[in-house]
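Visitor: predicted model, plus sequence, below.
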Amino acid sequence: MKQKKWPVRLISGGLMTLALVGVAVAAGQQGSKNDPLVTLSYLNDQALPAILEQVDDKVADKQTELEKKLDAVVDGYVKEVESKLSGSSGSSSSGGVFQIVNLKAGQTVVGTAACEFLLRSGSAVCVSDSAPGLIDTTAGSTLSGGSALTANHLYLATIDGRGVKASTDVTIMVRGGYTIK
C-alpha cells in the first residue's frame, strides 16, 4: 500500500506546482509599461477629466469670492472719494468744494488747519486763543481773536481750532474740515 501512495503524491505535487507556476505567470502578465493595471485609457478618459473638473470648480468658486471682495473694496473707495469730492453735508466736512453754513447768533464754526472761510452775510468775529487768528488772503493781512470779519473776504485758518463766531445770523462758505459748536 505504501507503494501506491507515492505516485498519487507525486502526481498531486506536480499538479500543485504546475498550478502555482500558472498563477505566477498570469500575475506577471498583469499590467505593463504600455497598459498598466490601472489602464492609461481609464486615467485619460475617466480620472483626469474628473480631477480637472473639480479643480475648475474650485478655481471658479475662489475667483467669484475674490471678485466679491474686490467689488466691496472698490465700492467703499468710490463712496469715500465721492463723499470727499461732494463735501458731505452736516456739521463736519472736508473736501475741495465750499459748503454753505448758516449760523445763528452765538454759534461758532471751528476749522482744521488749511480750512477757508468766506463771510457772505451777517457779522462775525474771529475765534482764536493766540495770534495769528485767521489770515485774510484777500487783504493780505492777519486777523486776531475777537476782530470782525469783512464780508466777501477769504480767510484761512493756519492752525487747528481757529474759527468764526456769529455775532448775528450769518451765512459763511467753508472749504475744508470744520465743526459747528
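Guide: Thanks, I have it.
Visitor: C-alpha from now on. contacts and neighbour counts both.
Guide: Noted.
Visitor: tell me where the model's unsure across the chain.
Guide: For the chain, the stretches with pLDDT under 70 are 1-3, 26-33, 35-37, 86-95.
Visitor: can you give me the helices for it?
Guide: Applying DSSP state H to the chain gives helices spanning 2-29, 40-42, 48-86.
Visitor: nearest to Gly161, out of those helices?
Guide: helix 48-86 (20.9 Å; CA to CA).
Visitor: a markdown table please, covering the helices of the chain and showing distance to Ser130 and mean neighbour count.
Guide: As requested, the helices of the chain are exported to a markdown table (distance: least, CA to CA, whole Å; neighbours: other CA atoms under 10 Å):
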| stretch | distance to Ser130 | mean neighbour count |
| --- | --- | --- |
| helix 2-29 | 101 | 11 |
| helix 40-42 | 87 | 12 |
| helix 48-86 | 30 | 12 |
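Visitor: Ala60 and Asp45, how far apart?
Guide: According to CA to CA, to the nearest Å, Ala60 and Asp45 sit 23 Å apart.
Visitor: ditto for Gly122
Guide: 86 Å.
Visitor: try Gly176
Guide: Distance from Gly176 to Asp45, counting by CA to CA: 68 Å.
Visitor: which of the two has more neighbours?
Guide: Gly176 (22 against 11; other CA atoms under 10 Å).
Visitor: understood, closing this out.
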